[in-house]
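Visitor: below is the sequence, then the predicted model.
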Amino acid sequence: HLSKVEEMSKKITLGDELRKSRNQIIRNVIKNNEQFFKPKIESLLNKNHTFSNNLVDESFLNIVIEDENDDNYPLKLIKIEVEKNVSGFDPKINEALRKLLLDLLLQCVENEKSVALKKVLTWLQYELTSLRPVCLLLQEWDFRKDHETGEQCPRWDGLTGNCPAMIRACEKNDFQMVSHFLCFGFKYSDLTSSRSDLSQLRASFRIDDSVFKPCVKNTELQYKNRYKLKNFFQFPLSTGNCLEESKDLLYHYKSFHAVSKPAYLIAQSKHVNRKLDLSENNQTPYDPISEAFHNLHISRVQSFRNVEYKNKFKVVKNESEEFIVKMLNCCENSEEARLILLYDFKLDHYFSNSLIRDMVYPRLEIAVAEKHEEFVGHDYCQQILRDHWLESDVTGNKVQWQTSNVYDKILYCMSCVLLMPLHIIAYHFTMLCGGYGKYKQRNSTNNKDPEENNANCCSSFARQIWLHLSYPINRFMAHLLSYIFFLIFLVLVSENPEDEEDKLDPDWYDIAAVVMAMGFFVSELGEFVKRYKGKNFSFWNIFDIACYLILLVSNLAKTIGYWMECKRDAESDSIFGCTLDLPHKYGENSVVVVSYSLFGVGLTLTFSKLLYFCQISHKIGPIAISIKRVVKDVILVAISFFIFLQAFGFGIFYLMKNVDDDDVDEDCKHQLHDTTEVFKTLFWNLFDPASIEDFGCSKIKDLAPRYLAMFLFAMFLIFNFLILMNALIAIMNSTLNAVNMNKVQQWKLERTSIWL
């Protein structure tokens, strides 16, 4: 026992630990300069008690990093040792040098020694690479020659490509250290002029994130939803290159996470933009906000494609969102914030040119598409958008909606209703003449006194009529009023108050409803074509197309059905002379009955569209949003319900179909003779009390299958009413709580999508 205590208390010496060193260059430097390193290393070995088996290497690195002398003596000793092997580098020495440089940089980052990191990088760039063999060795580490094209391709497992130290500095979000890495760089041709193939190559620290950003290499893959179900990342197992490919998704995620850090984005922006002449039109700057939005989009898409790593991509998403909002908070006024909203240098990664041309605030469109609630709901964004909402596209005048009282707003809305035909005629005439855009240019180049301008016009009233729909808020009100009139026409069509009995008589509201449905359908279809080219679809756009298409098909089918049926009517000479004007007179499976059924479905969906307009209100909007979220929960639970319905339905049918009830009274027979009756009974028990009488009475002789079917029915009720229904209530409650916790931001997001 005493011998063990003495052995533990014995001081650690350099000679005992030096042979454990794994780096040959470190061993040689220490042996050749033992007088300098021995006391320092032994002091560190006796102070630090770690589980590392490589204490000498770790102590050596700490001595190099902690050296505060200006002469950089430890680094000079390393260079001297490297110079000794210049004439005959062998693979072991090469790997030892690479490992030493990587460990030295990583140790600086882990110890958060920014000054030491800069010193090491400066020594590497100006001292060590002055040795021509070392420079060629660095080029060999970081580049490889493609035998087919003869070009030099970058490597990502050498020294500067995907350097662990740089990635770690990004993970620590240390701007100073990341800047030191990005400032490192030199041309190989400056040091090795005899090599013509190195004339364009440059040594610099870089991180490869092209696996998650295929648009970097292939411009055809730049749009948001193109090949959404296709995963650009190929796993080693799926490619059949298990032994050749050693990288996996987590490896590439580490690089992607590093480049999404704010420290990297800001440092890269300063480094790249410093070399650009932004006065030239063809120069595209590096915009950290654009890159952050791009990372946000990629993390959202990749979490959809790689569900197992959803939490990891959620980290990138949250950090990107926080960085974007912080950048917006740095604006001193709304004008600076407006500049942020006006431009985005990766806009073509999200939308097609047909959509981009109509965008007023492209970056806000991106935020809405990516559902960045905090950015959209920011005070600057809402203020800028509200000003644009109330401002004329031509004159720049604003509707004083916010400061008006309720009575003034009511009178304004009434005037919009009364003058709506004139407004629409003036608007369509303006659109045919090229829109309000060219008049805005004239107005900006002809800035006269307002009274003088009014005097030159035919009348102030005519000018107001012409400019009424140049205000976005007025266009929204006109759209809402048009839709309300459309619903009124649909109600008149369904009620048909002017119908004459025993006569087919299309009334004026029938024609008006069809014309308005056609107009809405063409408008929404044009919007869909624009969105289809950019693969940026809208739920309400598709919903509207479905509604109007159902209504148009129902009217077309009704016309065809009446024409077909009236041709068979011997009493009628034409379709208008037909006396059978009620659908049920043509039979239950006729085209006319089908058309009326489609019209009922279309009418229901069309009235449901009012939820879209309700989202503009700060009181009703959160309720409409909650309904949309809850519907998704109901659909998910309904899938489980239909699985149980099929499972128990076929089981009960198989048991009951062979139950003999011929010998019992009519009141005692069971009703489950076919699958239709079984599924109808099980489904409607979701809303009605359990109808056990459908299984017959106890006088039936086949007791075993009947009771077993009744047991399955009881289990079905337990699963659905005690489990699924309560699960649905809990899920809906959780969804509503989540909406209520952030209902203002979510409402602002939905309202902004309507405003835009």
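Guide: Received the coordinates, thanks.

Visitor: okay, strands next: where are they in this protein?
Guide: Secondary structure of the chain (DSSP state E): strands at 143-145, 152-154, 185-187, 202-204.

Visitor: for these, which one ends up most surrounded?
Guide: strand 202-204 (a mean of 17; mean count of other C-beta atoms under 10 Å). (C-beta placed from N, C-alpha, C; glycine too.)

Visitor: could you give the number of residues near residue 684?
Guide: 10 (other C-beta atoms under 10 Å).

Visitor: adjust the sequence numbering to begin at 9 for everything that follows.
Guide: Yes, from this point I'll number from 9; that puts the last item at residue 692.

Visitor: which residues does the nearest residue to residue 750 once chain neighbours are set aside contact?
Guide: Excluding its sequence neighbours, the residue lying closest to residue 750 (C-beta to C-beta, 6 or more residues apart in numbering) is residue 381, at 6.8 Å. The contact partners of residue 381, taken as C-beta atoms under 8 Å, 6 or more residues apart in numbering, are 750, 753-754, 756-757.

Visitor: rerun that using 7 Å as the cut-off
Guide: Residue 381 makes contacts with 750, 753-754, 757, as judged by C-beta atoms under 7 Å, 6 or more residues apart in numbering.

Visitor: list only those of these flagged as buried.
Guide: Neighbour-count burial within those applies to 754, 757; the criterion is 16 or more other C-beta atoms under 10 Å.

Visitor: out of the contacts of residue 381, which comes closest to residue 647?
Guide: residue 754 (25.3 Å; C-beta to C-beta).

Visitor: once you drop chain neighbours, what's closest to residue 354?
Guide: That would be residue 298: by C-beta to C-beta, 6+ apart, it lies 4.7 Å from residue 354.

Visitor: go ahead and confirm that neighbour touches residue 352.
Guide: Yes - applying C-beta atoms under 7 Å, one finds residue 298 in contact with residue 352, separated by 5.2 Å.

Visitor: mind checking which of these two has more residues around it?
Guide: The neighbour comparison of residue 298 against residue 352 (other C-beta under 10 Å) goes to residue 352, with 25 against 22.

Visitor: quick one: contacts for the more buried one?
Guide: 298, 301, 370-371, 374.

Visitor: and what of residue 556?
Guide: Contacts for residue 556 (C-beta under 7 Å, 6+ apart) come out as 525, 528-529, 532.

Visitor: per-residue pLDDT, residue 508?
Guide: As predicted, residue 508 sits at a pLDDT of 66.

Visitor: any idea how far residue 280 is from the residue nearest to residue 354?
Guide: Separation of residue 298 from residue 280 (C-beta to C-beta, to the nearest Å): 12 Å.

Visitor: cool, residue 746 as well?
Guide: From residue 746 to residue 280 the distance is 40 Å (C-beta to C-beta).

Visitor: before we move on, what about residue 376?
Guide: 28 Å.

Visitor: got it, and residue 490?
Guide: Plainly put, residue 490 is 50 Å away from residue 280 if you go by C-beta to C-beta.

Visitor: could you do residue 361 as well?
Guide: 26 Å.

Visitor: neighbour count: those two, which is higher?
Guide: A count of neighbours by other C-beta under 10 Å puts residue 280 above the other of residue 361 and residue 280, at 14 against 11.

Visitor: can you give me the neighbour number for the closest residue to that one other than its chain neighbours?
Guide: Take residue 280 and drop its neighbours on the chain: the residue closest to it by C-beta to C-beta, 6+ apart is residue 294, 4.0 Å away. Residue 294 has 15 neighbouring residues, counting by other C-beta under 10 Å.
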